[in-house]
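Novice: with the input below, show me the fold.
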Amino acid sequence: MKIKEMAAENRPVERLLTCGAEGLSNAELIALVLKTGTKERSVLDIAQEFFSKYQLKDIGGVTIPELLKIKGIGKVKACQIKALFEISKRMLCQEKTVLKSPEQIKKIVCPMDVRDFLYPVFFGLTQEKLVAVFLTQRNDIINYKVITTGTSNQTLISSKDIVLEALRNGADGIIIAHNHPSGVCEPSIDDKQATENLKKASRLMDISLLDHVIVSGDEVFSFREKGLI
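Specialist: Purely as a prediction, here's the structure:
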C-alpha cells in the first residue's frame, strides 16, 4: 500500500506530528529520511525490508553496494542513510564515553549500568522522562518502560502505573530512573517524597524498589548509594 493510500493518522509524517519522533518505529523513521518510494513499492515497504536485513547496530558496517541491493534504494537514498547514521555517530562521540553499550547490559549491578542501559532513552532530551526497569531476583533485566514525560525540570512519578507494570512483567524488583536536563544531578523534595511513596506501594505487592537513579549527562545520583532507600 502506498503512503497516500494509507489512513492519514497512520502515515509516518502525521504519526510523528501526533506521537513525536520517539513514538515511531525504526522503519517509519527511515521512511521519513528516504521520503519517496517507487511505482511498485511504498517508501515504508522499502524501509521495512531494510530492517528485515539489518539491525541498527549493523548500519555502520553496511556498504553502499549492499544498500543498493534493496529494490527502491538508489545511490542518493543509500547516501542519505549513511549520512544519517554518520551524524548520529558523531553526536554520540561528542558525549563522554558510555562504559558499556546498552545491548551488553543484561543485569544491573551498579547505578552506572542504569545510565548506560538507558543512554538511548535519555540522550539529547530537553524534558525530564521517567523510566522504570523491571528485574528478576538476580537483577537480570526483564523489560523497561517509559512511564511519564514531564517538563524541562519536572516529571511525575505514578506509583500505581509502575507497580501495575511490574506485576505485568512478573518482576521481583524495580529500578526507576529519570534525567535532569538542567545538569544538576540532585534530587528534589518531590523526588524524595515520590520515591518513598513508590517504595511503600511496591512493598505491598512484595516487589522491591531497588534504586532511584537520576541521570544528568555522565553523572548519576543513586538513592540507594546515598542511603535514601
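Novice: show me what secondary structure element comes after the biggest helix by length in the chain.
Specialist: The longest helix of the chain (DSSP state H) is helix 75-94. With elements assigned by DSSP states H and E, the helix or strand that comes after helix 75-94 is helix 111-117.
Novice: show me the shaky parts of the protein.
Specialist: Across the chain, the ranges flagged by pLDDT under 70 are 1-6, 8, 57, 89, 91-103, 124, 151-156.
Novice: where exactly do the helices run in it?
Specialist: For the chain, applying DSSP H gives helices covering 12-19, 26-34, 43-53, 64-68, 75-94, 111-117, 119-122, 159-168, 189-204.
Novice: deepest-packed of these, please.
Specialist: Each of the helices of the chain was scored by mean neighbour count; the highest is helix 111-117, a mean of 23, by mean count of other C-beta atoms under 10 Å. All C-beta atoms are positioned from the backbone trio N, CA, C, and that covers glycine.
Novice: picking up where we left off before, now the longest helix of the chain, how far from the chain's geometric center?
Specialist: Computed by C-alpha atoms, centre = their mean, to the nearest Å, the chain-centroid distance of helix 75-94 equals 19 Å.
Novice: residues making contact with that helix?
Specialist: 30, 33-34, 50, 59-60, 64, 67-68, 73, 123-124 (C-beta atoms under 8 Å, 6 or more residues apart in numbering).
Novice: again with stretch 127-134
Specialist: So stretch 127-134 is contacted by 108, 114, 117-118, 121-122, 141-157, 162, 165-166, 169, 171, 173-181 (C-beta under 8 Å, 6+ apart).
Novice: now stretch 25-44
Specialist: Contacts to stretch 25-44, defined as C-beta under 8 Å, 6+ apart, come from residues 1-3, 12-13, 15-16, 21, 24, 45-48, 50-51, 56, 71-73, 77, 80-81, 84.
Novice: compute the first-to-last residue distance for that stretch.
Specialist: End-to-end distance of stretch 25-44 (C-alpha to C-alpha, to the nearest Å): 11 Å.
Novice: just the buried residues of stretch 123-137, please?
Specialist: The neighbour-count check on stretch 123-137 (16 or more other C-beta atoms under 10 Å) flags 128-135 as buried.
Novice: please flag which of those sit within strands.
Specialist: Of the positions in these, 129-135 sit in strands, assigned by DSSP state E.
Novice: could you dump the residues you listed to CSV with distance to residue 211?
Specialist: Output for these, formatted as CSV (distance: C-beta to C-beta, whole Å):
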residue, distance to residue 211
129, 17
130, 14
131, 12
132, 11
133, 9
134, 13
135, 10
